[in-house]
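*Asks:* Any chance you can model this:
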Amino acid sequence: MILSFRHYALLAVLAFLLVLPGRISLPPLDRDEPRYMQATAQMLSSGNFLDIRFQDQPRYLQPAGIYWLEAGAVKAAEIVTQDSSLLHKSWPYRIPSLLASTLSIILTAWIGARLFGGAAGLLAAGLLLVAPLFAAESRMATIDSVLLLDILCLQALLLRHFDDMRKGRATPCRYSILYWCALGGGLMLKGPVVLIPALGTLATLCICLRSISLLRQLRSSGGWLLSLLIVLPWCLGITLISHGEFFRRAVGHNLLGKITHAQETHGFPPGYYLLLFLPAFWPGAFSAVRSLPLLWQRRMTPEVLFLLCWIIPHWIIFECLATKLPHYVLPTYPAIAILTAASLSRWSITPLRSLWARLGIGLYAVLWIMAGLAFCTAGPILLYRMEGHFFANALLPVGGSLPLLLLAGWLFWKRKGRDGVFCAIGAALLTEMGIFLCVIPHLASIQLSPRIATSFEQMRPCHDSVLISPSYREPSLIFLTGGTTRLLSHIQAARSLHDHARCDLALVDQKDDATFRKELTRLGTESILYDQFEGLNYSNGHHLHLRLYASSTAPAP
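*Replies:* Sure thing, here's the model as predicted:
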């Protein structure tokens, strides 16, 4: 089967529609997403597109590429909608990840089709599309979806050079230029991190082939200069404006620090990503593991070798880092999806001879079914545990996904792996649509920041009121309140409310309430309770009972 332009166009539309749900309804997720959004909002407000800041603190983690993309998306959305109030709404910032995720699915299909045929390419695209890690990252305004697209561009262009080298023909110069431009773009997104998949694949291929012909095919002698020309102007500018502080923090602390020390309690031993693979790549994980004997037999064929050189160096490097986050190995998932799809569509899976191998695969199959059951039922169960009741529309996806999951398990038992994967993909799609459309919007207890921001907007006494928050210090609150939130200690919060009694409001948790009000009374100011919020801070698991206070001298809301 050969994929035509029509196939790719239909796949693009389908992928776009399937990664679209949740963009508007989801509150700011994680802690990183609102930091990206707030830093971009401040960039647009200040007009400073070089020195990235989160409130008054420099955000020296990576170059400015992702912030420029999000800023462009916000401005484009304002022009299209004629709405000037989008600066502190989440969905415009998620446009780059939406487009990048859609294009990543297309490129995965293209690479898979070029290596193993159209059927394998389409199946690989489907496996990547429903992988929970990809589904989650594709809906957040962070760097990971855009970085994945850049890495896929690099690998697709490298594959073109690899094929041409094997066939003894010169690759047109424009493809080499695109490769080095994509590398420069990756450096503008994530700095040296992009070199791990780019150089890792290239170096491993050269080692396995015992030749540097691929380097010559890429025109590497002049290509590096093109990559440097893309990133050098920004590097010089940020060096001057930050007096070298950017590189000290971004490289010395953020990048090199992750190698030796676990940052922000994200330290795990090697093997973490192998354990995480089952839930992160479900439902394709079982078929991927089952295909390992086939891949070992074909490890030196050019198609399999290329993908293994893509996966293995990247995976090993990040398993060895002290700091580990789930999305660090996301760039390997397209290659894993392609190999899995090839094993299902191109090769016959032979029965395992070893008793231990059969027992291992049997145990993994049981874990796969358990993970699927947990995944398909997680939404309604979570909704009931957190909100105390069910919603009918949250139960509908379960009614569709569970029969498909059980059918997939039965088909795997009958050794009809490809049919089983199709059913499992359907179960994953229904589950994910249910989670993003029917479950998360009903989880009011975890949406503290949106509720607080709405109340603050309605009740603030002055147009330039400031929200003082000593107890709840989430970046999402800062973003949703337009950057007007100040994070102070309880004593400082009481003094600030006393000093700006007519306009400011204070948000205090119940456990800190006595200390705050005691200091306020000592200063001779009385407080008025405006609103209360009870819920869960999902970033740290703490249950909060927050109170919104104003000074007694403030105008009535």
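*Asks:* First-to-last residue distance for stretch 482-499?
*Replies:* Chord length of stretch 482-499, first to last residue, is 22 Å (C-alpha to C-alpha, to the nearest Å).
*Asks:* Touching, residue 88 and residue 480? I think so.
*Replies:* Yes: the pair residue 88 and residue 480 passes the contact test of C-beta atoms under 8 Å, sitting 6.1 Å apart. Every C-beta, even on glycine, is put in place using the N, C-alpha and C of the backbone.
*Asks:* Looking at those two, which has the bigger crowd around it?
*Replies:* Higher neighbour count among residue 88 and residue 480: residue 480, with 26 against 20, using other C-beta atoms under 10 Å.
*Asks:* The more buried one against residue 451, yeah?
*Replies:* No: Residue 480 lies out of contact with residue 451 (C-beta under 8 Å); the separation is 9.7 Å.
*Asks:* can you give me the mean pLDDT across the lengthiest helix in the chain?
*Replies:* In the chain, taking DSSP state H as the definition, the longest helix is helix 355-387. Throughout helix 355-387, pLDDT has a mean value of 91.
*Asks:* Which SSE is immediately downstream of the helix or strand of the chain with the lowest mean pLDDT?
*Replies:* One helix or strand of the chain scores below all others by mean pLDDT, DSSP states H and E: helix 256-260, with a mean of 61. In the C-terminal direction, the helix or strand that comes right after helix 256-260 (DSSP states H and E) is helix 272-280.
*Asks:* got the contact list for that next one?
*Replies:* Here helix 272-280 makes contact (C-beta atoms under 8 Å, 6 or more residues apart in numbering) with 131-133, 285, 288, 315, 318-319, 324, 326, 328-329, 364, 367-368, 371, 375.
*Asks:* what's the spacing between it and its chain's center?
*Replies:* Distance of helix 272-280 from its chain centroid, counting by C-alpha atoms, centre = their mean, to the nearest Å, is 16 Å.
*Asks:* residues touching the residue most central in space within the chain, list them.
*Replies:* For the chain, residue 137 is the residue whose C-alpha lies nearest the centre (C-alpha atoms, centre = their mean; 2.6 Å). Residues near residue 137 by C-beta under 8 Å, 6+ apart: 97, 101, 144, 145, 148, 327, 330.
*Asks:* From the contacts of helix 272-280, list just the buried residues.
*Replies:* 131-133, 285, 288, 315, 318-319, 324, 326, 328-329, 368, 371, 375 (16 or more other C-beta atoms under 10 Å).
*Asks:* Closest one to residue 8 out of the residues you listed, please.
*Replies:* residue 131 (20.2 Å; C-beta to C-beta).
*Asks:* Out of the contacts of residue 137, grab the one that's most surrounded.
*Replies:* residue 97 (29 neighbours).
*Asks:* So which elements touch the helix or strand encompassing that residue?
*Replies:* Here residue 97 sits within helix 95-116, counting by DSSP H and E. Packing partners of helix 95-116 (3 or more C-beta pairs under 8 Å, 6 or more residues apart in numbering; DSSP states H and E): helix 5-19, helix 65-81, helix 118-130, helix 132-137, helix 144-166, helix 302-320, helix 333-345.
*Asks:* can you redo those helices as TSV with distance to residue 40 and mean pLDDT?
*Replies:* Formatted as TSV, those follow (distance: least, C-beta to C-beta, whole Å; pLDDT from 0 to 100):
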stretch	distance to residue 40	mean pLDDT
helix 5-19	21	95
helix 65-81	4	94
helix 118-130	27	97
helix 132-137	18	95
helix 144-166	13	97
helix 302-320	27	96
helix 333-345	27	96
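*Asks:* do you know which of the ones you listed lies nearest residue 172?
*Replies:* Short answer: helix 144-166, nearest of the helices and strands packed on helix 95-116 by C-beta to C-beta, at 8.7 Å.
*Asks:* which element follows that closest one toward the C-terminus?
*Replies:* With secondary structure assigned by DSSP H and E, helix 144-166 is succeeded by helix 173-190.
*Asks:* re earlier: now the angle from the longest helix of the chain to helix 272-280?
*Replies:* With axes from the mean of the first three to the mean of the last three C-alpha atoms, to 10 degrees applied, the angle from helix 355-387 to helix 272-280 works out at 60 degrees.
*Asks:* heads up, I number from 99, so please use that
*Replies:* Done: numbering now begins at 99, and the last item shifts to helix 453-485.
*Asks:* buried ones in helix 453-485?
*Replies:* 459, 463, 466-467, 469-470, 473-475, 477-478, 480-481, 484-485.
*Asks:* ditto for stretch 331-343
*Replies:* Within stretch 331-343, judged by 16+ other C-beta under 10 Å, the buried ones are 332, 333, 336, 340.
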